[in-house]
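Novice: Here is a sequence together with a model predicted from it:
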Amino acid sequence: MVPELMSAPGHITNHWDHLQKPENRRFTYQELEKFTENFKHLIGHGGFGHVYYGCLEDSTEVAVKMRSELSSHGLNEFLAEVQSLTKVHHRNLVCLVGYCWEKEHLALVYEYMSRGNLCDYLRGKTGMGEILNWKTRVRVALEAAQGLDYLHKGCNLPIIHGNVKTNNILLAQNFKAKIADFGLSKTYHSDSQTHISAAAAGSMGYIDPEYYTTGRLTESSDVYSFGVVLLEITTGEPPIIPENGHIVQRVKHKIVSGNISSVADAHLGGAYNVSSMWKVVNIAMMCTTDIATQRPKMGDVVVQLKESLDLVEVHGDRGDMENLASDTMSSMSTFGPSAR
Ligand SMILES: Nc1ncnc2c1ncn2[C@@H]1O[C@H](COP(=O)(O)OP(=O)(O)OP(=O)(O)O)[C@@H](O)[C@H]1O
């Protein structure tokens, strides 16, 4: 027996009706066992539970997220994720292939993103020693921003992700980026609604300070978290380093010198376009400003990131010496509110 199922509120019936649509493939537990070879290959684990590799009969590779008994995610969140992913289709959002709801077994079946999550790449945890170059980082940021912009503006009613972080940006074989994990996502109930009240959600280091204190979740809460992601992409560092504080404060402190090389991830070996990087830092700072109403919309972020990518495409990722020569000058011309 699934306790949440028995105590589920009435509106669950509506979710369930929705799930009956033919495009949402419902798998039996036995089918999951078969195409994961009895849950042989573990590829990750998160708040929902373990994630396993699987391969369907038609050779489609999938990731199967099995709900753990220890998970705090109840049936409601499970259905919210299924419903969100069913409604939204975008090239930069991870696609839901199907789900399993059989007795106590709850599982979500996604398209498989073979390169895993962005966080592991930035922290050098892929086991292959691969470093993402600056151009790829900006492209990944742009694609993730496009996915979020679509959630905020491309659907009938805006969807707030609520848990934007580098772990939730997944990479395909060609490094195409997609936003994942809609477990906490929230949908507005009407056009006039401006925020959603929710208990503190999200992950340490990514939570919008305004949301943290007011409990009001808005699109700008996602914008804040995305700003933190941009700073991680630039520095390669985690959002919080004990004793060194939050990434926003660390970067603010460093850019006072007007020298981008003190911010840039050392793994890039100095190979980056200075103006492009300043642009990304500039966007990140605007996204992470404390006052939510002063943050840009995801649409603005997309435009700025396109410009940053153009700079790399036109001028290339330059090496150390050239960067050192133009560093301070570029910072003067691109950083600051007037750069928008
Ligand atoms: N579709 C997928 N394709 C490939 N790997 C995946 C896929 N979905 C998840 N993973 C891997 O499994 C890991 C765990 O994912 P999951 O979404 O369960 O947790 P999380 O987002 O890391 O953490 P939390 O649930 O606590 O927010 C991911 O970081 C990723 O490496």
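Specialist: Here it is on my side, so go on.
Novice: Low-confidence ranges, the stretch 1-150 of the chain, go.
Specialist: Along the stretch 1-150 of the chain, segments meeting pLDDT under 70 span 1-24, 70, 72-73, 84, 128.
Novice: which stretches of it form helices?
Specialist: Per DSSP state H, counting those that start in this stretch, the stretch 1-150 of the chain carries helices over the ranges 3-7, 12-19, 29-35, 75-87, 118-122, 134-149.
Novice: Point out the most buried one among the ones you listed.
Specialist: helix 134-149 (a mean of 24; mean count of other C-beta atoms under 10 Å). All C-beta spots, glycine's among them, are computed from the backbone N, C-alpha and C.
Novice: Show me what it is packed against.
Specialist: Counting contacts by 3 or more C-beta pairs under 8 Å, 6 or more residues apart in numbering; DSSP states H and E, helix 134-149 is packed against strand 169-171, strand 177-179, helix 219-235, helix 274-287, helix 298-315.
Novice: Please name whichever of the helices of the stretch 1-150 of the chain is nearest to the ligand.
Specialist: helix 118-122 (6.6 Å; C-beta to the nearest ligand atom).
Novice: With distance to the ligand as extra columns, can I get the helices and strands packed on helix 134-149 in CSV?
Specialist: Listed next are the helices and strands packed on helix 134-149 as CSV, based on distance: least, C-beta to the nearest ligand atom, whole Å:
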stretch, distance to the ligand
strand 169-171, 5
strand 177-179, 8
helix 219-235, 12
helix 274-287, 20
helix 298-315, 20
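Novice: Check the burial of the residue of the stretch 151-300 of the chain found nearest the ligand by counting its neighbours.
Specialist: Nearest residue of the stretch 151-300 of the chain to the ligand, counting by C-beta to the nearest ligand atom: Asn167, 3.8 Å away. For Asn167, the count of nearby residues is 18 (other C-beta atoms under 10 Å).
Novice: Over to Ala284?
Specialist: 24.
Novice: Then Gly47?
Specialist: Counted with other C-beta under 10 Å, Gly47 comes out at 15.
Novice: looking at it, it is touching Ser71, isn't it?
Specialist: Yes. Applying C-beta atoms under 8 Å, one finds Gly47 in contact with Ser71, separated by 6.5 Å.
Novice: how about the residues of the stretch 151-300 of the chain that lie near the ligand?
Specialist: By C-beta under 6 Å from any ligand atom, the residues of the stretch 151-300 of the chain that approach the ligand are 163, 167-168, 170, 180-181, 203.
Novice: Can you tell me how far Thr136 is from Ile179?
Specialist: 17 Å (C-beta to C-beta, to the nearest Å).
Novice: Sorry, slip of the keys, the one I care about is Glu69.
Specialist: Glu69 is 27 Å from Ile179, by C-beta to C-beta.
Novice: For the two, indicate the residue with more neighbours.
Specialist: Ile179 (26 against 6).
Novice: Apart from its chain neighbours, what residue comes closest to the more buried one?
Specialist: Closest residue to Ile179 apart from its sequence neighbours, by C-beta to C-beta, 6 or more residues apart in numbering: Gly147 at 3.9 Å.
Novice: same check, this time on Met113
Specialist: Leu170 (3.7 Å).
Novice: which ones are touching that neighbour?
Specialist: 94, 113, 115-118, 177-180 (C-beta atoms under 8 Å, 6 or more residues apart in numbering).
Novice: Next up, phi/psi of Ile241, please.
Specialist: Here is the backbone geometry of Ile241 (degrees, to the nearest 10): phi -120, psi 120.
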